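**Student:** any chance you could fold what I've pasted below:
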Amino acid sequence: MDIFFGIFLGLFFLPISLATALAIKLDSKGPVFADTPKRVSKNGRLFHLYKFRSMIVDAHNLLRTDPRYKNLYEKYKKGSYKLSIEEDPRITKVGRFIRKYSIDEVPQLINVLRGEMSLVGPRPYYPDELKEQEKKYPDTKNVIKEALSVKPGLTGLWQVSGRSNVNFDKRIKLDAYYARRKSILLDLIIILKSPWVMIGGRGCV
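**Tutor:** Numbers count the residues shown, from 1 in each chain. Okay, the predicted model is just below:
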């Protein structure tokens, strides 16, 4: 199902992807794809996640090291490692649009076809995010392991259940619930819900 839908969606989104890549190059300096650190996959393996660049170059590192973003970084950590597109000054003009409608996530179809992700699964977390959130929510230690027992997904139960409006402790429990109840039927339900979340831009970050 991953391969079939991955190829189908890749062809479907090809015109949008080409237009997005052009818009990114015209809007700001830097590569088309985001230069973000590796994410955590199944059983703790790390992989490079493909996303369209929606921020300034080196945005991930600047948030953590640039004194100008010190207060923003603290807010980022307190907000379960999320910032809304309205409050994040690193986001470009094109970036605001593609993040609102999740167009920046489309290149993850490459990860799906490479076998690093599934169409449906838990959110692909950053290693430092999991480490810090486990300290903040110590009762989630076993739940995190459960969530990491399956491949991360392009979409998932968290993504169709509020996105940034759901804090980490509830988000990781949703991911663990999916890992326990994973089935073709549940995947299809989540896939059918996903376009409406994209169109509505609900809870975008």
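
**Student:** the residue of the chain positioned farthest from its centre and V94, how far apart?
**Tutor:** The centre of the chain is farthest from one residue, P67, which by CA atoms, centre = their mean lies 25.7 Å away. P67 sits 27 Å away from V94 when distances are taken as CB to CB, to the nearest Å. No exception for glycine: its C-beta is placed from N, CA and C like everyone else's.

**Student:** now swap in E87 and tell me
**Tutor:** From E87 across to V94, the span is 18 Å (CB to CB).

**Student:** how about the strands of this structure, start to end?
**Tutor:** Under the criterion DSSP state E, the chain carries strands at the ranges 39-40, 46-47, 118-120, 153-155.

**Student:** save the ones you listed as JSON lines, and put in mean neighbour count too.
**Tutor:** What follows is those, written out as JSON lines (neighbours: other CB atoms under 10 Å):
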{"stretch": "strand 39-40", "mean neighbour count": "22"}
{"stretch": "strand 46-47", "mean neighbour count": "16"}
{"stretch": "strand 118-120", "mean neighbour count": "25"}
{"stretch": "strand 153-155", "mean neighbour count": "25"}
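
**Student:** could those be laid out in JSON lines, adding distance to K82?
**Tutor:** Converted to JSON lines, the strands of the chain look like this (distance: least, CB to CB, whole Å):
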{"stretch": "strand 39-40", "distance to K82": "15"}
{"stretch": "strand 46-47", "distance to K82": "21"}
{"stretch": "strand 118-120", "distance to K82": "21"}
{"stretch": "strand 153-155", "distance to K82": "17"}
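
**Student:** which one of those strands lies closest to A21?
**Tutor:** Distance to A21, taken as CB to CB, is lowest for strand 153-155 among those, at 18.3 Å.

**Student:** ok, and what's touching the closest one?
**Tutor:** The contact list for strand 153-155 (CB atoms under 8 Å, 6 or more residues apart in numbering) reads 105, 108-109, 111-112, 117-124, 159, 190-191, 194, 197.

**Student:** can you rerun that using 6 Å?
**Tutor:** 108, 118-121, 194 (CB atoms under 6 Å, 6 or more residues apart in numbering).

**Student:** now that strand: how far from the chain's centre is it?
**Tutor:** How far strand 153-155 lies from its chain's middle: 8 Å, per CA atoms, centre = their mean, to the nearest Å.

**Student:** dump the strands of the chain to a markdown table, plus mean pLDDT.
**Tutor:** Converted to a markdown table, those look like this (pLDDT from 0 to 100):
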| stretch | mean pLDDT |
| --- | --- |
| strand 39-40 | 95 |
| strand 46-47 | 96 |
| strand 118-120 | 95 |
| strand 153-155 | 93 |
